[in-house]
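In: The following block contains a protein sequence and its predicted model.
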Amino acid sequence: MKKISELDHKIVQALSQDARKSNREIAREIGISDTYVRKRLLRLQENGAIRIGSVSAILNLGLNFVAEVMVAVRPSGVSDFIALASKIEGITLIAKISGKYDVLLSVTVRNIEEFEGILANQIRSHPDVLDIAYHIVKTVYKHRSDIAAIREPK
Amino acid sequence: MLKRPAKTKTLSRSPKRAAASSSRPKAKSVPQYTFVRETSAPKALALDELDYNILSALRENGRMQNTTMAEEFGVSELTIATRLRRLTENGVVRATAQWDFASLGYQEVMFVDIYVRDRLVEDVAADIGKLEDSIVILGLVGEPQLKVMVAARDFQHRHDLLFGSIAKIPGISRTDITICLDIEKWRADYVLVL
């Protein structure tokens, strides 16, 4: 897609602070026409360059337990394992990774019992899972909410 | 920009030794084994069906008009506005726009495990947080103390980020770098803190 212009950045910046601002307000802030704002936003959304939605703070929704799980999976079983993991509600991130482990999962659930349940009943019991390691998160220092993996994986 | 969570779980241990010592007359300096981490656990807001409906409507379209929602859910516009304000003010939701990694020119994502020595973990985290390309910074139980997600534009940028910016931060004794080969799932509507 075409390069993102400086103006695009300004428009999205204004929106990321509060998406409920009207096009007119944004246009006035930046000093351009609201038709232009509408046109650019539509274009950026169609290209998958931006998402205009909402973000919820997990920790304010009562989900208090966060862990990063690394899973070593038999190569032939990776896609099958990922398909299974995608269906698990508490998993917010699935990434294929380099190194000793093959898949990284971010798990956010209510409590440790729920986490143990997912680990024992869904992950560890998968026939292609060879090894699991996990880290329990105690503090979140930063989580940029203005960036996300939006485009469909190829 | 650093977001410090005002909400981490409280973990208090009161070992028997501390309990036992309290029954005796207090010695001058009884070692305190009580370990309380930051503030108390977040109080989750009680949400009802209407709240969840609003949340899911916003997830799909952060700019959906209050009138549209009011019609759809069969309540007044004022109710929607009130609910929305409550959800927003309590940090449950924010209507927002997000960039895709690629549209910001990011080609690669990495996870960096960081071992900290001779410095406060939160200070190291604060320094990493100043880097624009650090996306997520998590403090872990045990070692490594930090897990950081960083994004890089290209090979050179990746190198500069890891061996220039991050490696030069004081207090980092070791890093383990994992390259992200593909992102299969990413809940864009969730962040850990707002």
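Out: Looks like it arrived, so ask away. Numbering: from 1, shown residues only, chains lettered A, B, ... in the order given.

In: can we go C-alpha only for contacts and neighbour counts from here?
Out: Noted.

In: Retrieve the pLDDT associated with the closest residue to residue A:63 other than its chain neighbours.
Out: Nearest in space to residue A:63, with sequence neighbours left out and distances taken as CA to CA, 6 or more residues apart in numbering or on different chains, is residue A:110 at 4.2 Å. Model confidence at residue A:110, expressed as pLDDT, equals 90.

In: Grab the longest strand from chain B for me.
Out: strand B:172-186 (DSSP state E).

In: Now do it: which elements does it pack against?
Out: strand A:91-97, strand B:108-116 (3 or more CA pairs under 8 Å, 6 or more residues apart in numbering or on different chains; DSSP states H and E).

In: Relative to the shortest one, what are the paired strands and their orientations?
Out: Read that as strand A:91-97. strand A:103-109 (antiparallel), strand B:172-186 (antiparallel) (DSSP bridges).

In: can the longest strand along chain A be found next to chain B?
Out: When chain A is parsed with DSSP E, its longest strand is strand A:129-143. Yes. Strand A:129-143 is in contact with chain B by CA under 8 Å from any CA of the partner chain, via A:135-143.

In: would you turn those residues into TSV with neighbour count?
Out: Conversion of the residues of strand A:129-143 next to chain B to TSV gives the following (neighbours: other CA atoms under 10 Å in any protein chain shown):
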residue	neighbour count
A:135	20
A:136	17
A:137	23
A:138	21
A:139	23
A:140	25
A:141	23
A:142	28
A:143	25
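
In: that older thread, return the most buried member of the strands paired with strand A:91-97.
Out: Comparing the strands paired with strand A:91-97 by mean neighbour count (mean count of other CA atoms under 10 Å in any protein chain shown), strand A:103-109 comes out on top with a mean of 23.

In: Can you point out the buried residues in stretch B:82-101?
Out: Buried residues in stretch B:82-101, counting neighbours by 16 or more other CA atoms under 10 Å in any protein chain shown, are found at B:83-84, B:87, B:91-101.

In: Restricted to strands, list these.
Out: Reading strands off the buried residues of stretch B:82-101 with DSSP E, I get B:93-100.

In: among those residues, which are in reach of chain A?
Out: B:93-100.

In: Return the helix or strand in chain A with minimum mean pLDDT.
Out: strand A:147-148 (a mean of 87; mean pLDDT, DSSP states H and E).

In: Just checking, which helix or strand of chain B averages the lowest pLDDT?
Out: Per mean pLDDT, DSSP H and E, bottom of the list for chain B is helix B:16-23, a mean of 41.

In: Only alpha carbons, please: show whichever helix or strand comes after that helix as PDB.
Out: Once helix B:16-23 ends, the next helix or strand along the chain (criterion: DSSP states H and E) is helix B:49-60. As requested, the backbone C-alpha atoms of helix B:49-60 are provided in PDB (Å, rounded to 0.1, in the frame of the first residue of the first chain):
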ATOM      1  CA  GLU B  49     -25.700  -7.300  29.900                       C
ATOM      2  CA  LEU B  50     -26.100  -3.800  28.600                       C
ATOM      3  CA  ASP B  51     -22.500  -3.000  29.500                       C
ATOM      4  CA  TYR B  52     -21.400  -6.100  27.600                       C
ATOM      5  CA  ASN B  53     -23.500  -5.100  24.600                       C
ATOM      6  CA  ILE B  54     -22.000  -1.700  24.500                       C
ATOM      7  CA  LEU B  55     -18.500  -3.200  24.900                       C
ATOM      8  CA  SER B  56     -19.000  -5.500  22.000                       C
ATOM      9  CA  ALA B  57     -20.500  -2.800  19.800                       C
ATOM     10  CA  LEU B  58     -17.600  -0.600  20.400                       C
ATOM     11  CA  ARG B  59     -15.100  -3.400  19.700                       C
ATOM     12  CA  GLU B  60     -16.500  -3.600  16.200                       C
END
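
In: quick revisit: so which one among the buried residues of stretch B:82-101 has the lowest pLDDT?
Out: Among those, residue B:91 has the weakest pLDDT, 83.

In: follow-up on the earlier one: dihedrals phi and psi, the residue nearest to residue A:63?
Out: phi -70, psi -40 (degrees, to the nearest 10).

In: Kindly report the same for residue A:14.
Out: Residue torsions, per degrees, to the nearest 10, at residue A:14 are phi -60, psi -40.

In: before we move on, what about residue B:153?
Out: Per-residue torsions, residue B:153: phi -80, psi -40 (degrees, to the nearest 10).

In: That'll do, ta.
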